[in-house]
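J.: just coords:
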């Protein structure tokens, strides 16, 4: 596999990198050196290319993507964070149902853009320990665009090294999804069950 | 004639603005500290302006960008795009100098010199082909470098997201640009026309992203505000702040 992702526009990358990020880091602890991280992102990119070039139907590609997301991303923590303060008020059953619905929504929202990956390259430039875990820096190079920064947050606090946030030119996935989900919840007057039902159809 | 007008216009308007900023700013002379969170006491008015801007996008910007996307991506569109960004370079050089950022003042000067001559008045971007890329900056950044705080969030009609500091910066950038005043009509509108053309081209280039944020978000105002503040802060500080990273595990 070539270690080049083919991408084409910034919006593709905004969504596509989130996809790549979710699947980024199935690493054993302490393996997150610059070289390991670079190798891993290359592998992620290769995995994504395999899915988008599989020739499968869109619904089956979305299923493959959701599997990748579940395996490498810490979906429960991303889901919990996206709900903000409403998480604590929810029952255990609601929390489980929400994680499930959110996971599907996230896969669909970002997975839809898979096929638009044409012409581009992501280069990992560094990795360092920060108070919240690890921060991996990379730069995305797209044809006809100025290069832009993509930063990944990784933690082993779930028991394994997993990706839990991606930050593109400062714009955080956790923050944008929290803004989105809490706005949806407000529109439903705080009715979490209604939000869960609607999330299953969104994205 | 041209230079007479510049010397007549520049000192009066620019030096007043700059002098005031210098007096207030250079005494502080350390960049404003990093901030997180959202300071938006004018939210109600901002939301009304957001609806106006969205309507403008729906009725004009979006359809125009769709019908011109082929042209915008062609030779003609790219040429106009290059022309517009070349015109913005002198102002950027001034700002880099005010920020004591000599490296980028020099690189943007080199760009302007190359593209204005070999690039046929800026239509061709020969500088980028020689790896001299544009360094984006503006008077809002200059104010930041001088230690002015971001201020309250604003959404401006036609312009979109801003802050008090960035809105004042835009005004100064406009006044500071001799092209907007020193030339007779209609030449003096060249910069403005180029800006509008550039906006239309960008709307086309990032069509799906803009559509998603404006029309698929549950709250497009809140989403736009978040995206603007986060990316602007990242750009001004040159990196994301490790101290301000989220730690959802700790919550």
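T.: Yep, that arrived. Predicted model, so just to flag it, every value in this text is computed and none were measured.

J.: low-scoring stretches of chain A, by residue?
T.: Residues of chain A meeting the criterion pLDDT under 70: A:1-42, A:44-46, A:48-49, A:52, A:112-121, A:143-144.

J.: please redo it, this time with the cut-off set to 90
T.: A:1-74, A:104, A:106-163, A:166, A:168, A:201-203 (pLDDT under 90).

J.: what residues are up against the residue of chain B found nearest chain A?
T.: Chain A sits closest to residue B:234 of chain B, with a gap of 2.4 Å, by C-beta to the nearest C-beta. Every C-beta, even on glycine, is put in place using the N, C-alpha and C of the backbone. Residues near residue B:234 by C-beta atoms under 8 Å, 6 or more residues apart in numbering or on different chains: A:149, A:169-171, B:240.

J.: Which single one of these is nearest to residue B:222?
T.: residue A:171 (13.6 Å; C-beta to C-beta).

J.: picking up where we left off before, among the contacts of residue B:234, which ones are buried?
T.: Neighbour counting by 16 or more other C-beta atoms under 10 Å in any protein chain shown classes A:149, A:169-171, B:240 among the contacts of residue B:234 as buried.

J.: Just give me the closest of the residues you listed to residue B:201.
T.: When the buried ones among the contacts of residue B:234 are compared against residue B:201 (criterion: C-beta to C-beta), the nearest one is residue A:169, at 19.6 Å.

J.: ok, the closest one to residue B:86 distance?
T.: 24 Å (C-beta to C-beta, to the nearest Å).

J.: Give the closest residue to residue B:198 in space, chain neighbours not counted.
T.: Sequence neighbours aside, residue B:84 is the residue nearest to residue B:198 in space, at 4.4 Å (criterion: C-beta to C-beta, 6 or more residues apart in numbering or on different chains).

J.: average pLDDT across the helix or strand harbouring the one you found?
T.: Residue B:84 belongs to helix B:75-87 when assigned by DSSP states H and E. In this model, helix B:75-87 has an average pLDDT of 82.

J.: Residues in a beta bridge with residue A:136, which ones?
T.: Bridge pairing for residue A:136 (DSSP bridges) gives the partners residue A:127, residue A:152.

J.: So which residues of the chain form helices?
T.: All of this refers to chain A. With DSSP state H as the criterion, chain A has helices at A:10-22, A:34-52, A:58-72, A:75-83, A:86-89, A:92-111, A:173-187, A:192-199.

J.: Chain B was what I was after
T.: B:2-10, B:16-25, B:43-56, B:62-67, B:69-73, B:75-87, B:89-98, B:102-117, B:126-129, B:139-145, B:164-176, B:190-205, B:207-211, B:220-237.

J.: any chance of these in TSV, with distance to residue B:34 too?
T.: Output for the helices of chain B, formatted as TSV (distance: least, C-beta to C-beta, whole Å):
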stretch	distance to residue B:34
helix B:2-10	34
helix B:16-25	18
helix B:43-56	23
helix B:62-67	35
helix B:69-73	36
helix B:75-87	29
helix B:89-98	21
helix B:102-117	21
helix B:126-129	31
helix B:139-145	11
helix B:164-176	14
helix B:190-205	28
helix B:207-211	26
helix B:220-237	6
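
J.: in stretch A:179-191, what's buried?
T.: Across stretch A:179-191, burial judged by 16+ other C-beta under 10 Å covers A:179-185.

J.: Can you name the residues of chain A sitting close to chain B?
T.: Within chain A, the positions lying close to chain B (C-beta under 8 Å from any C-beta of the partner chain) are A:9-12, A:14, A:77-78, A:80-81, A:113, A:130-133, A:135, A:146, A:149, A:151, A:153, A:155, A:157-158, A:164-165, A:167, A:169-172, A:174-176, A:179-181, A:183-184, A:186-187.
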